[in-house]
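Fold the stuff below for me.
(chains A and B)
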Protein chains: 2
Amino acid sequence: MKTIVFLCAGVMMGMAGTAQQHPSIMLTKANVEVVRQGATAYPLLQQSFKSLKKDADKAIATPIEVPLPKDAGGGATHERHKRNYQDMVACGMLYQLTKEERYAKFVKDMLLQYAAVYNTWPRHPKKKQIPGGKMFWQNLNDCVWQVYTIQAYDCVYDYLGAASRKTIETDLFEPIVKELSEVNGEIFNKIHNHGTWSVAAVGMTGYVCGRKDWVEKALKGTALDGKAGFLAQLDQLFSPDGYYTEGPYYQRYAILPFLLFARTIQQYQPAQKIYEYRNALLKKAVNTALQCTYTNKVFFPLNDAMKDKTYESEEIVYAVDIAYSDMQAGNDLLDIAQQQQKVIVGDAGLKVAKAIAAGDAASFQYKPMWIRDGADGKQGGIGILRSGDNEEQSCVVFKAASQGMGHGHFDRLNVLFYDNNTEVFPDYGAVRFLNVETKNGGNYTKENDTWGKQTLAHNTLVVDRQSQYQANEKKGEEHAPELVHFSTGSNYQVVSAQDNNAYPGVQLRRTVILFKPDGAPASLLIDVFNVQSAQKHQYDLPFWYQGHITNAPFEIAANTQTIQAMGDKQGYQHVWLNATGRVKEGNGVITLLNNKKFYTTTFIADTALRVQFITSGAGDPEFNLRNEKAFVLSQPAAANQTFISVTEPHGKNNPIAEVTTGATPQVKAVKLLKDEAGATQLEITYKKKMYTITLQYNDKASFITIN
Amino acid sequence: MKTIVFLCAGVMMGMAGTAQQHPSIMLTKANVEVVRQGATAYPLLQQSFKSLKKDADKAIATPIEVPLPKDAGGGATHERHKRNYQDMVACGMLYQLTKEERYAKFVKDMLLQYAAVYNTWPRHPKKKQIPGGKMFWQNLNDCVWQVYTIQAYDCVYDYLGAASRKTIETDLFEPIVKELSEVNGEIFNKIHNHGTWSVAAVGMTGYVCGRKDWVEKALKGTALDGKAGFLAQLDQLFSPDGYYTEGPYYQRYAILPFLLFARTIQQYQPAQKIYEYRNALLKKAVNTALQCTYTNKVFFPLNDAMKDKTYESEEIVYAVDIAYSDMQAGNDLLDIAQQQQKVIVGDAGLKVAKAIAAGDAASFQYKPMWIRDGADGKQGGIGILRSGDNEEQSCVVFKAASQGMGHGHFDRLNVLFYDNNTEVFPDYGAVRFLNVETKNGGNYTKENDTWGKQTLAHNTLVVDRQSQYQANEKKGEEHAPELVHFSTGSNYQVVSAQDNNAYPGVQLRRTVILFKPDGAPASLLIDVFNVQSAQKHQYDLPFWYQGHITNAPFEIAANTQTIQAMGDKQGYQHVWLNATGRVKEGNGVITLLNNKKFYTTTFIADTALRVQFITSGAGDPEFNLRNEKAFVLSQPAAANQTFISVTEPHGKNNPIAEVTTGATPQVKAVKLLKDEAGATQLEITYKKKMYTITLQYNDKASFITIN
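Sure, this is the predicted structure:
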């Protein structure tokens, strides 16, 4: 509380004492000239400037349209209002960099048009919530509109003249600020990414328009008590490691208002050292966001996540530029900037483009790590194992984090496996068709709740065909898994966590290891899922996979003429049972061919174990689901149970050259040597060599031994 | 017959009269020095040389292995023997270009090892046919081995010395020639791509070893009567337009022995003008092969075809180089060579690389065309429509060709649609996992017959749930469809064909049009499938699609808890029925989102019409099928019937920038104005403009009118 009070007092003082200059956010008055010169000197800035100019020129050549809001996400008026703020930002920047009035005039005309009609609009007819948005169906989009528009306004501020400024501020920005902070005040005061967009919009508008009252509300919440607002969000939404509790997809989304508002504070109040707040939290947040991607550029699709979102997205362009320019992030961020093929034309983008032109870029440093979740860092976390270079990297994501609020999935101890720049064991992600109006207005479809969030949709254990916490979000928020162990050695990386709360009376312990046997071309993924319970339960452990099964040499009874949904709730209503296999005692083997490479999973089986082959897509009358496939290790009735599997990437199948190499897996046997409450010991035969791996659950110091 | 006799006599004379030089096939003695110099001067040749040298250096650093043949396709001994001929060719070429003996020694040592054991080998234990292969499971692979190996032998011929040559020719090549032309003489004499590989192997070996008897057999068949052999194959396997009757996938495969053997004949007997045979047939064949690809580089997957085969494959590298170098093919072939990123290091590759370095390359000229099938050009053909440039091309493939022998599918009047560099309405292709030993030894699986070849697996009409010709290949060979009309206009391209034999008593007429309305960003695919019959039948017209359905605004009853295979034969046992829709009279609309672009199909419906949503994958106990999806326009009982649909590519959905544009289709209505035995007339409303299209089936001159 002290920090907050001090900081805010400082901000207010600063605002009173400093004459405002425009522009002052991404592009600053003092740097306009040097950015203009940089746009001819540094290729990446030049390219970004040209692209911005193209957008601006297209905008000014087109009649201005400010339609009455009508459509949901993806619809025409929705897309038009989005386009409008993008056009205004492009023209605002171009005006500063070229001093050509036609660009400023476009922004002025458009803002005056908005100012003329904004107050005549009713609430949005397709409002998604109560009270809902005004320009867009949800308030969130209204906030985003303002975060961008205020930057455009900042660029043309001096051009506008006092009369136009008054009209725009009085007839547009004031009512928008009221709309965000009062009409939708509940969102404004929420500790949530929607709240962040809202306070950033209001706070940035306050700085640019010199309205201290707006700034104060944005920083401390409408009650001005610091229980809400930007600083409370910084305190509560991130872990000390910079992990955003909703997960990587929303971390990507939220990072933009966090950084933009922070940069605005920094510009107006550098003495406040917002970048250093909470041990330079925002810098960590940028690094953590990038560490939560794979070499295919895609964010780990944990919780509600669109699976095609990469670090090329606009938000991460801002984040990388600001982190590199303002926060002394390393030269490996330049690698990302190069791949983005874009910088934000402004002070930060200039520094990035200049450094790249100087040859400073280094490969992005992906690192195995345990990232803590929770404001206090004690709400579990995300384990990431990585083996191999960025060209052909094996990566394991182990989710042992907290529920992650409303977008969280019931997927504690979930494992994702990537290799060869593609998914091997993926997560379904969200059930949503973003910006496709015919799909529930571009919003999450109902199957996001009935399928996407359910435990069965993930690579983790389902007990008694129930989702964790019976898919009750509130209960899920009460507990998080605990880290047991994370370490890396010369030929292995390991992460282990446990959860005692997702299923009453059942202790879940999962350990995943990337282990590279001598002379192996890639690491093996070793997965030990240990379950302890006094009662007997049904245990289903799915491995959702990409690719095609090319070998499963055990007895399989397939349902060839009729298939049925496996159940009627908790996700089971959404999967078809294609076939059931049983392995004679010993090892079962399943080989996949995925992106021209083989993956063989060798698992330990007893006579009771069944292998179910399933496909998502049942119970889907509106065609909202993809047909994904899994094999499920299913134990019909056991108290204690340890699922052990070893997945080996091997070989290549080149369909162009028609050459196959390494089609035979080298893991010859996997044996369970010892399985007690406190320890699991297994033996893996790779080629002719045997390795014994011992896990001691209660010994955090020497948790793992490999001999 | 006269031509054949004359030519063969000429060949024999020539062989007697010309002193043989080595090497004389892809690399010739006279050009070794200039190719060596070119490998430092022209980037593409340099790169290809480096890659070849890398292979050769790797080969000579590895102990030679000539294992006893044991495994089927994709297995270890199979892949080893394949690798061996590739290594020998690389080392043979390297020896010529560097004169370093270690490369020649490798070829010599390996050939002597083969010579020492070849005659001790039994027939291949996993032989695929009777009598089967010897080194490989099928004779075909033995032939391929020899086609490559003889080139390596040619390169080290002078180095070997007489004694080694005698051993190799007596103990290896003679028995191989006997194996190919006698033990497997039936294949050798077949008019089929396996026969082409066989005669090329024997003929090329004959030229290099100076064995006229082998050459003669290769050219005229073992009976020496010209009814079999290379020339008979040239006469019978290709149409006058250079279309190979088995289809594009096998055309790609067969083109290599055709061109390699032709070049060998040309080298030894230039006076015979083999390149000019049948009006320069082979040059046409290369162009036709390339015209049978889409801008994603992939061959149209007609008949049995692996869907990932592109023109980057080795065979087409040979074909492009030889066609450009020896046959005066155009500079647009250099575009393909650039994309292949490779030339064959030798005389032809030199010319290609030199021309590219000189900046001669032009974009490959894809053209709309009708390609005749059949040796006489009268067995139907393939229609190809193309609109747009190579960057974003719409392409329609219309299959109205003959059965295409054993690899043919029952898919007369099948339509494939491509756009935006991807498949929109695809063909399933073959059911095969090439070189994956665990999948039926890498060969076609049984579902290739029960699914891949069946009519239902294609985008063409199924009558009474039976495949065309009841899937009887022999009957299918008896008839081919007939071209009704092919033409192109300023804003349209059209192809129409009919078939009266696939279903007794039913006349099938299909017309597909790419039509670009005024101001439209892309052409519409208009599809008019007219069926005439005296009796009532069930008509099912599937549209297999890629992407995800985002809109289908009509009454749909989905099977959400149980789905069943649709039938028990003719492909229906392999599809699940997911849902059935019915459209109130008028137009039905289905929108897909595919590769970030929308495709809306607007079709005419009456009250009886049902729309079935189906997925392949039923009846598949060994997981050999992919789950592909189709909507089927199904008319339960009708005599005459015309299915009319218009598919419009529109809009973009950018998930990174989160922008959607053009999500609403502009085709507002499709009406059938007139439908008589001789003519169909329809009206399409695009935006606010109406277009009337009239098709007059019996008027070949003014078949189509668009107003």
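
Which residues of the stretch 401-550 of chain A lie near chain B?
Applying CB under 8 Å from any CB of the partner chain, we find that the stretch 401-550 of chain A lies next to chain B at A:433, A:434, A:435, A:436, A:437, A:438, A:439, A:442, A:548, A:549, A:550. (Glycine included, C-beta is placed from N, CA and C.)

Could you chop chain A up by domain?
As given by automatic domain parsing, the domain ranges for chain A are A:2-357, A:369-706.

chain center to the last one: distance?
Looking back up the chat, that one is domain A:369-706. 20 Å (CA atoms, centre = their mean, to the nearest Å).

now the end-to-end length of that domain.
Using CA to CA, to the nearest Å, the span of domain A:369-706 from its first residue to its last is 20 Å.

again, but for stretch A:595-612
This stretch, stretch A:595-612, spans 24 Å end to end (CA to CA).

give me the element the spatially closest residue to residue A:660 that is not a sequence neighbour is part of.
Spatial nearest neighbour of residue A:660, chain neighbours left out: residue B:435 (4.1 Å); criterion: CB to CB, 6 or more residues apart in numbering or on different chains. Using DSSP states H and E, residue B:435 falls within no helix or strand.

so residue B:435 touches residue A:661, yeah?
No - contact criterion CB atoms under 8 Å: residue B:435 and residue A:661 do not qualify, at 9.7 Å.

what do these two both touch?
Shared contacts of residue B:435 and residue A:661 (CB atoms under 8 Å, 6 or more residues apart in numbering or on different chains): residue B:79.

My reading is that residue A:187 is in a helix; is that accurate?
Yes - under DSSP: H, G, I helix; E, B strand; the rest coil, residue A:187 falls within a helix.

quick one: it and residue A:142 touch, right?
No - using CB under 8 Å as the test, residue A:187 is too far from residue A:142 to be in contact (9.9 Å).

Of those two, give the one with the bigger neighbour count.
residue A:142 (26 against 22; other CB atoms under 10 Å in any protein chain shown).

what's near enough to touch the closest residue to chain B within the stretch 251-400 of chain A?
Residue nearest to chain B within the stretch 251-400 of chain A: residue A:308 (4.2 Å; CB to the nearest CB). Contacts were defined as CB under 8 Å, 6+ apart; by that measure residue A:308 touches A:298, B:655, B:656.

Same drill for residue B:435 and residue A:661, tell me which one is more crowded.
residue B:435 (26 against 16).

Next, the contact list for the more buried one, please.
Residue B:435 sits next to A:653, A:658, A:659, A:660, B:73, B:74, B:79, B:442 when contact means CB under 8 Å, 6+ apart.

got it, and residue A:557?
Counted by CB under 8 Å, 6+ apart, residue A:557 has contacts A:579, A:580, A:581.

Can you find the helix or strand in chain A with the smallest mean pLDDT?
Least confident helix or strand of chain A, by mean pLDDT, DSSP states H and E, is helix A:2-17 with a mean of 41.

Look up how far chain B lies from the residue nearest to residue A:102 when sequence neighbours are not counted.
With CB to CB, 6+ apart as the criterion, residue A:102 has its nearest non-adjacent residue at 5.7 Å, and that residue is residue A:60. Distance, residue A:60 to chain B, by CB to the nearest CB, to the nearest Å: 19 Å.

So residue A:60 is in contact with residue A:104, correct?
No - in terms of CB under 8 Å, residue A:60 does not count as a neighbour of residue A:104; the distance is 10.3 Å.

Tell me which of the two has more neighbours.
Applying other CB under 10 Å to residue A:60 and residue A:104 shows that residue A:104 carries more neighbours, namely 23 against 19.

any low-confidence regions in chain A?
Counting by pLDDT under 70, chain A has low-confidence residues at A:1-19.

hmm, try it at 90
Scanning chain A for pLDDT under 90 picks out A:1-20, A:72-75, A:128-129, A:269-272, A:435, A:441, A:584-585, A:653-661, A:677, A:699-702.

Helix, strand, or coil at the residue located most distally from the centre of chain A?
For chain A, the residue at maximal distance from the C-alpha centroid (CA atoms, centre = their mean) is residue A:163, at 43.5 Å. Taking three-state DSSP as the rule, one finds residue A:163 in the helix state.

Kindly provide the distance from it to residue A:119.
Distance, residue A:163 to residue A:119, using CB to CB, to the nearest Å: 18 Å.

Not counting residues beside it along the chain, what's closest to residue A:314?
Leaving aside its chain neighbours, residue A:314 sits nearest to residue B:657 (6.6 Å; criterion: CB to CB, 6+ apart).

and the one you found, helix, strand or coil?
At residue B:657 the chain is in coil, as set by three-state DSSP.

quick one: it and residue A:317 touch, right?
No - between residue B:657 and residue A:317 there is no contact under CB under 8 Å: 10.7 Å.

more neighbours, these two?
Set residue B:657 next to residue A:317 and count neighbours by other CB under 10 Å: residue A:317 wins out with 23 against 14.

what's around the closest residue to residue A:687 other than its chain neighbours, how many residues?
Distances taken as CB to CB, 6+ apart put residue A:666 closest to residue A:687, at 5.0 Å, once the chain neighbours are dropped. A count of neighbours around residue A:666, defined by other CB under 10 Å, yields 19.

Repeat that for residue A:131.
Around residue A:131 there are 15 other residues, counting by other CB under 10 Å.

And residue A:32, by the same measure?
With other CB under 10 Å as criterion, residue A:32 counts 18.

Same question for residue A:479.
18.

now the one 5 residues further on
Under the neighbour criterion other CB under 10 Å, residue A:484 is assigned a count of 21.

Then residue A:110?
Using other CB under 10 Å, the number of residues around residue A:110 comes to 21.

what do you get for residue A:101?
There are 12 residues near residue A:101, going by other CB under 10 Å.

Repeat that for residue A:123.
A count of nearby residues for residue A:123, using other CB under 10 Å, gives 15.

Can you show me the helices along the stretch 301-450 of chain A?
Using DSSP state H, counting those that start in this stretch, the helices of the stretch 301-450 of chain A run over A:314-326, A:333-340, A:347-357, A:447.

and the shortest one, what does it pack onto?
Meaning helix A:447. Packing contacts for helix A:447, counted by 3 or more CB pairs under 8 Å, 6 or more residues apart in numbering or on different chains; DSSP states H and E, involve no helix or strand.

likewise the second one?
When contacts are defined as 3+ CB pairs under 8 Å, 6+ apart, helix A:333-340 packs onto helix A:277-291, helix A:314-326, helix A:347-357.

tell me which residues of that helix are tucked away?
Residues of helix A:333-340 classed as buried: A:333, A:334, A:335, A:336, A:337, A:340 (neighbour count, 16 or more other CB atoms under 10 Å in any protein chain shown).

tilt between that helix and helix A:347-357?
100 degrees (axes from the mean of the first three to the mean of the last three CA atoms, to 10 degrees).

Next, count neighbours for residue A:389.
Residue A:389, neighbours per other CB under 10 Å, totals 10.

Which residue, neighbours along the chain excluded, lies closest to it?
In space, and not counting its chain neighbours, residue A:389 is closest to residue A:363: 8.0 Å by CB to CB, 6+ apart.

What values do phi and psi take at that neighbour?
Main-chain torsions, residue A:363, degrees, to the nearest 10: phi -50, psi 140.

which residue sits closest to residue A:570, ignoring its sequence neighbours?
Leaving aside its sequence neighbours, residue A:570 sits nearest to residue A:467 (CB to CB, 6+ apart; 4.7 Å).

what about the one you found, distance to chain B?
Distance from residue A:467 to chain B, by CB to the nearest CB: 20 Å.

Tell me if I'm right that residue A:619 and residue A:573 touch.
Yes - Residue A:619 lies in contact with residue A:573 (CB under 8 Å); the separation is 4.2 Å.

Could you measure from the residue nearest to residue A:570 over to residue A:411?
Using CB to CB, we find residue A:467 at a distance of 9 Å from residue A:411.

Fine, thanks again, bye for now.
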